[in-house]
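Asker: Give me coordinates for this.
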Amino acid sequence: MSTPWRAGAIAIDMATAVCATLNLAYFLTRLSGPAEAGSRRVALLVLALISLAALLESAVLLASASASGAPALSSMQWALMRAVPFAATVCLSGVIARRVADD
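Answerer: The predicted model follows:
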């Protein structure tokens, strides 16, 4: 695999990890804050778990990059596939930023 795809895969994983961390922190803060309605608490818990999953996936892929010098599954197809969870975490971060700005 060419160097640009390796760098792209690493950049996508790092950005996903950052966004997932911010999202997770926000949802955990909301869960530990004032009492939310039952259905909102469930939704916050689910979104926190999704953020945690994205963070763990990115961490494992980044760890494989540092251990072997190349990210795991570092082909063009895998780099493009990583764009989906990246887009999801960025969009969720946008929703959170909007919510925080409105408060």
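Asker: From here on, just use CA atoms for contacts and neighbour counts.
Answerer: OK.
Asker: could you show me where the helices are in the protein, in order?
Answerer: All helices of the chain, identified by DSSP state H, fall at 3-32, 38-68, 76-81, 83-102.
Asker: Looking at those, which one is packed in the most?
Answerer: Scoring those by mean neighbour count under mean count of other Cα atoms under 10 Å gives helix 3-32 as the most buried, with a mean of 19.
Asker: looking at this protein, which helix or strand does the model trust least?
Answerer: Of the helices and strands making up the chain, the lowest-confidence element is helix 76-81, at a mean of 69, by mean pLDDT, DSSP states H and E.
Asker: any idea which of the helices of the chain scores lowest on pLDDT?
Answerer: Averaging pLDDT over each of the helices of the chain singles out helix 76-81 as the lowest, with a mean of 69.
Asker: any idea how far Ala37 lies from Leu44?
Answerer: Summarising the geometry, the distance separating Ala37 from Leu44, computed by Cα to Cα, to the nearest Å, is 10 Å.
Asker: can you pull the pLDDT of Ala37?
Answerer: For Ala37, the predicted pLDDT is 80.
Asker: try Asp103
Answerer: Model confidence at Asp103, given as pLDDT, is 78.
Asker: what about it, how many neighbours?
Answerer: Around Asp103 there are 5 other residues, counting by other Cα atoms under 10 Å.
Asker: center of the chain - which residue?
Answerer: When the chain is reduced to its mean C-alpha position, the closest residue under Cα atoms, centre = their mean turns out to be Ala20, at 3.1 Å.
Asker: how about that one, what does it touch?
Answerer: For Ala20, the set of contacting residues under the criterion of Cα atoms under 8 Å, 6 or more residues apart in numbering consists of 51-52, 54-55, 89.
Asker: Verify the contact between Asp13 and Met81 for me.
Answerer: No. In terms of Cα atoms under 8 Å, Asp13 does not count as a neighbour of Met81; the distance is 11.2 Å.
Asker: so Ala54 touches Ala15, yeah?
Answerer: No. Between Ala54 and Ala15 there is no contact, the gap being 10.8 Å when judged by Cα under 8 Å.
Asker: that older thread, would you mind measuring from the residue nearest to the centre of the chain to Ala37?
Answerer: With distances defined as Cα to Cα, the gap from Ala20 to Ala37 amounts to 24 Å.
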